[in-house]
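Colleague: Model the following, please.
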Amino acid sequence: MVMKLKELAERLGCALYGDGDIEITGVAGLEQAGPTEVTFLANPKYAPKVKHTRAAAILVSEPLRDLPIASLVSDNPYLAFARAVALFYQPPRPAPGVHPTAVIAPSARIGEGASIGAYVVIGDDVVIGRNAVLYPHVVIYPGVRIGDDFTAHAHAVVREFCRIGHRVVLQNGVVVGGDGFGFAKRADGTHEKILQSGIVVIEDDVEIQSLTSVDRATVGETRIRRGAKIDSLVQIGHACVVGEDNILCAQTGLAGSSILERNVLLAGQVGVAGHLTIHEGAVVYAQSGVGGDVEAGAVVSGSPAFDAGQWRRAVAAFQRLPELVRTVRELKKQVERLQSFTQGASESHE
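Modeller: This next block holds a predicted model:
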């Protein structure tokens, strides 16, 4: 696709400063963009790189009047960038139809406009809405209910009786509704498997990225609420609730019965101990371990996690611990010498 910069500005709802007749062919990063591409600046720390970019225009929050580059001004340059990418790049979409190698149970009901790829398996009594795209080797177990505009990439699996809403995307290798990790110890030390009889419910507009597991509940349900975005290699244990518009970054793990309220952000490699609540708007920094409830709006870090501001000061002090230990030892020796001197002087006076 090629469009003039003024057309792009209009479609993105941006104010244009510069030559609107420049032809734009795509979007790229600051360092990679060429003379027919648009780039963006969302983080001020990268501002020095702008003067070296070869881009035709830049998405910014304020116009760059002192540089020979057109500015597309937006209140949210990163969001405008995302929309620009969507204008210039349209991922390939398979044509509607069912591949001859797909295996679909006679009792399954699939809405119009579906594309069912090679070696897809759809079980008994499955219901899938309109315009679904199931790429090769996707497996949908019996009794599953799925809404409209569902996309499942290769090797995604949805287990029995799970419920999925509209406009849900499962990236490659996602498992929805695998057994929760539940075992009861017998008297002889061996383990008896606890049947995982619950389901997973995924609400509308959720995206789950590659190789993530969302376990079914032992009883009841595991629920992913509307708009949540879950990164790759995330583990969500049985009976968890992931709140609306949550962001869970890569390699995060939630133990069973964790409850995350609205707009929670868990950065990469966060571990949550389970049977606790992270309240609305909380942020947990990367590699933190959450062992108790987190207050609404709190920003925490560390393991065990506590206030991020205190954590930063503690980390700074931790790096100086060897020096502080040496200082304490020297002070202790000085105190001991002073006490010895004082005691000797006292005995001499007597």
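Colleague: mind giving me the domain ranges of the chain?
Modeller: Following automatic domain parsing, the chain resolves into domains at 3-88, 156-309, 320-350.
Colleague: what is the mean pLDDT for the longest one?
Modeller: Translated: domain 156-309. For domain 156-309, the mean per-residue pLDDT is 97.
Colleague: ok, now the first one?
Modeller: Within the predicted structure, the mean pLDDT of domain 3-88 is 91.
Colleague: hang on, Ala9 in a strand?
Modeller: No: counting by DSSP: H, G, I helix; E, B strand; the rest coil, Ala9 is not found in a strand; it is helix.
Colleague: can you put the domains of the chain in JSON lines and add mean neighbour count?
Modeller: In this view, the C-beta of every residue, glycine as well, is placed from N, C-alpha and C. What follows is the domains of the chain, written out as JSON lines (neighbours: other C-beta atoms under 10 Å):
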{"stretch": "domain 3-88", "mean neighbour count": "17"}
{"stretch": "domain 156-309", "mean neighbour count": "19"}
{"stretch": "domain 320-350", "mean neighbour count": "9"}
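Colleague: can you put the ones you listed in TSV and add distance to Ile122?
Modeller: Putting the domains of the chain into TSV (distance: least, C-beta to C-beta, whole Å) gives the following:
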stretch	distance to Ile122
domain 3-88	30
domain 156-309	10
domain 320-350	59
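Colleague: So which of the ones you listed is nearest Ala114?
Modeller: Put simply, out of the domains of the chain the one that sits nearest Ala114 is domain 156-309, at 14.2 Å, with distance taken as C-beta to C-beta.
Colleague: on that earlier part again, of the domains of the chain, which is nearest Pro96?
Modeller: Across the domains of the chain, the minimum distance to Pro96, taken as C-beta to C-beta, is reached by domain 156-309, at 17.6 Å.
Colleague: Between the two ends of that closest one, what distance do you get?
Modeller: Taking C-alpha to C-alpha, to the nearest Å as the measure, domain 156-309 stretches 40 Å from start to finish.
Colleague: What's the end-to-end length of stretch 234-252?
Modeller: With C-alpha to C-alpha as the measure, the first residue of stretch 234-252 is 5 Å from its last.
Colleague: Correction: the previous question concerned stretch 139-156.
Modeller: 7 Å.
Colleague: cool, and stretch 262-280?
Modeller: 5 Å.
Colleague: What of stretch 106-118?
Modeller: Between the opening and closing residues of stretch 106-118 there is a gap of 18 Å (C-alpha to C-alpha).
Colleague: model confidence over that stretch, on average?
Modeller: Averaged across stretch 106-118, the pLDDT comes to 98.
Colleague: same question, stretch 135-142
Modeller: Model confidence over stretch 135-142 averages 98 on the pLDDT scale.
Colleague: Not counting that stretch itself, show me its contacts.
Modeller: Applying C-beta atoms under 8 Å, 6 or more residues apart in numbering, the set of residues contacting stretch 135-142 from outside is 94, 99, 105, 117-126, 128, 134, 146, 152-162, 177.
Colleague: give the contact list for Val120.
Modeller: By C-beta under 8 Å, 6+ apart, Val120 lies in contact with His99, Ala102, Val103, Ile104, Leu134, Tyr135, Pro136, His137, Val138, Val139, Ile140.
Colleague: how about a cut-off of 6 Å?
Modeller: Ala102, Leu134, Val138 (C-beta atoms under 6 Å, 6 or more residues apart in numbering).
Colleague: Kindly report the same for Arg83.
Modeller: Applying C-beta under 6 Å, 6+ apart, one finds that Arg83 lies in contact with Leu12.
Colleague: That one belongs to a strand, doesn't it?
Modeller: No: for Arg83, which was evaluated using three-state DSSP, the result is helix, with no strand membership.
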